[in-house]
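K.L.:
What follows is a predicted structure for the sequence shown.
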Amino acid sequence: STQSLAKHRIVADAREVVRRDPQIIFGSWCGKRFRPEQVAARPGWDAISAVRTRQLFEIKSPIILQPGPAALFDGLDALHAHIRAWTLRRD
């Protein structure tokens with residue numbers, strides 16, 4: 001296939017993220033560093049709980065975006081660690 005698979009992972013309407021109001025946001029950019037301040041600066045995103053409470057976290061692209069089973073293990077471990085720490089801070 002000549003079509004990019006990443007195309008279907010892009011949020012087409014950023015207002016949908018605002019509407020859903022996530023409490024935690026994960027980002028991973030292939031070959032680039034995740035910049036929480038750029039995510040927070042998106043129009044209207046200051047209304048999102050995760051942005052207001054600074055709960056924006058990077059998952060390094062080599063452990064979550066790589067093909068194969070490593071993303072299932074390494075990526076899930078990284079997600080679990082962040083979610084567990086986030087849950088403990090909330091209690």
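P.N.:
Perfect, thanks for sending it.
K.L.:
Hmm, residue 54 and residue 36 touching each other?
P.N.:
Yes: counting by Cβ atoms under 8 Å, residue 36 touches residue 54, with 7.4 Å between them. Backbone N, C-alpha and C define where each C-beta goes, glycine included.
K.L.:
In terms of neighbours, single out the busier of those two.
P.N.:
residue 36 (16 against 10; other Cβ atoms under 10 Å).
K.L.:
how about the nearest residue to that one once chain neighbours are set aside, what does it touch?
P.N.:
Distances taken as Cβ to Cβ, 6 or more residues apart in numbering put residue 56 closest to residue 36, at 3.8 Å, once the chain neighbours are dropped. Residues in contact with residue 56 (Cβ atoms under 8 Å, 6 or more residues apart in numbering) are 24-27, 34, 36, 39-40, 50.
K.L.:
please redo it, this time with the cut-off set to 6 Å
P.N.:
Neighbouring residues of residue 56 by Cβ atoms under 6 Å, 6 or more residues apart in numbering: 25, 36, 39, 50.
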